[in-house]
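Undergrad: What follows is a protein structure lacking sequence information:
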């Protein structure tokens, strides 16, 4: 049986983003592709044209649909296995879209502050 495809587009310089996408257990059920958008300015430009600013949120392509920002966390939490503490906590918190949307601005703020303190730009560069 062929596994369904999940693509996760994220900020590879962000320690929170990198740790989250590496810890979420999707590979048990899905064929997962991780794309660090810091290395793909062409995709950053494409996503901007689609109205998704990847400096403001990750993108998950799953079951033929793109999920952005808080909705990406909801999609990941629904797709992740129930194995592991992080997955159970994520599923418990982020499976509710209203909770995810309420927490996401705080998470984005934490990302911006952390990247700035690390001397990195919170803005992911485009190809154009």
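TA: Received it, and whenever you're ready, just let me know what you need. Quantities reported herein were computed from a predicted structural model and do not represent experimental measurements.
Undergrad: Give me the residues contacting stretch 11-20.
TA: Under the contact criterion Cβ atoms under 8 Å, 6 or more residues apart in numbering, stretch 11-20 has outside partners 10, 36-39, 54-55, 58, 107, 110-111, 114-115, 118, 120, 124. For glycine as for every other residue, the C-beta is placed from the backbone atoms N, C-alpha and C.
Undergrad: Go through these and flag which are in helices.
TA: Mapping the contacts of stretch 11-20 onto helices (DSSP state H) picks out 107, 110-111, 114-115.
Undergrad: Weed out the non-buried ones from those residues.
TA: 107, 111, 115 (16 or more other Cβ atoms under 10 Å).
Undergrad: what's the pLDDT at the closest residue to residue 36 other than its chain neighbours?
TA: Excluding the flanking residues, the one nearest residue 36 by Cβ to Cβ, 6 or more residues apart in numbering is residue 12, at 3.1 Å. Listed pLDDT for residue 12 reads 87.
Undergrad: what are the phi and psi values for the residue positioned nearest the centre of the chain?
TA: Centroid-nearest residue in the chain: residue 58, 3.6 Å away (criterion: Cα atoms, centre = their mean). Dihedral angles of residue 58 (phi, psi; degrees, to the nearest 10) stand at phi -80, psi 160.
Undergrad: Which residues are in contact with it?
TA: Going by Cβ under 8 Å, 6+ apart, residue 58 touches 8-11, 17, 21, 68-69, 72-73.
Undergrad: run the last query once more with 7 Å
TA: Listed by Cβ atoms under 7 Å, 6 or more residues apart in numbering, the contact set of residue 58 reads 8-10, 17, 72.
Undergrad: in this structure, which spans are helices?
TA: 15-23, 41-49, 70-79, 85-94, 97-117.
Undergrad: In this protein, where is pLDDT below threshold?
TA: Low-confidence segments of the chain (pLDDT under 70): 1-2, 21-25, 27, 80-84, 86-87, 128.
Undergrad: and the residue nearest to residue 36, how many neighbours does it have?
TA: 16 (other Cβ atoms under 10 Å).
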